[in-house]
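Novice: What shape does this take:
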Amino acid sequence: MIKRSVFGVTGNISAGKSYACQMFQAICLKRGVQFTVISVDEIRREILGLLEMQNTLKLGKMINLMIIRSIKEKIN
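Specialist: Numbering: from 1, shown residues only. Got it, this is the predicted structure:
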């Protein structure tokens, strides 16, 4: 049976979390320990990017509707 562990690294902005993870990775590599890194920051950026794109599309649709209404009002 393979023993597995999960480690989380937390801290304030510029506290050295990325550096600590890099050092941990280097130690694991040196000792032949398998590891997987999951960066919550990257996941957060992806989610926020998707939400930003979605909001931009919604805003674009709203602006288009406002333009169309304005044109219709001017025509009538």
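Novice: Give the rounded mean pLDDT of stretch 32-43.
Specialist: Throughout stretch 32-43, pLDDT has a mean value of 82.
Novice: my bad, stretch 56-69
Specialist: On average, stretch 56-69 scores 79.
Novice: sec struct for the spatially most central residue of the chain, please.
Specialist: In the chain, the C-alpha closest to the average C-alpha coordinate belongs to Arg45, at a distance of 2.0 Å (Cα atoms, centre = their mean). Here Arg45 is recorded as helix under DSSP: H, G, I helix; E, B strand; the rest coil.
Novice: How about the contacts made by it?
Specialist: Taking Cβ atoms under 8 Å, 6 or more residues apart in numbering, we find Arg45 in contact with no residue. All C-beta spots, glycine's among them, are computed from the backbone N, C-alpha and C.
Novice: And for Ala20?
Specialist: Listed by Cβ under 8 Å, 6+ apart, the contact set of Ala20 reads Val9.
Novice: any idea how far the helix or strand it falls within is from the chain center?
Specialist: For Ala20, the host element (DSSP states H and E) is helix 17-31. Relative to its chain's centre, helix 17-31 lies at 22 Å (Cα atoms, centre = their mean, to the nearest Å).
Novice: and if you look at stretch 59-70?
Specialist: 30 Å.
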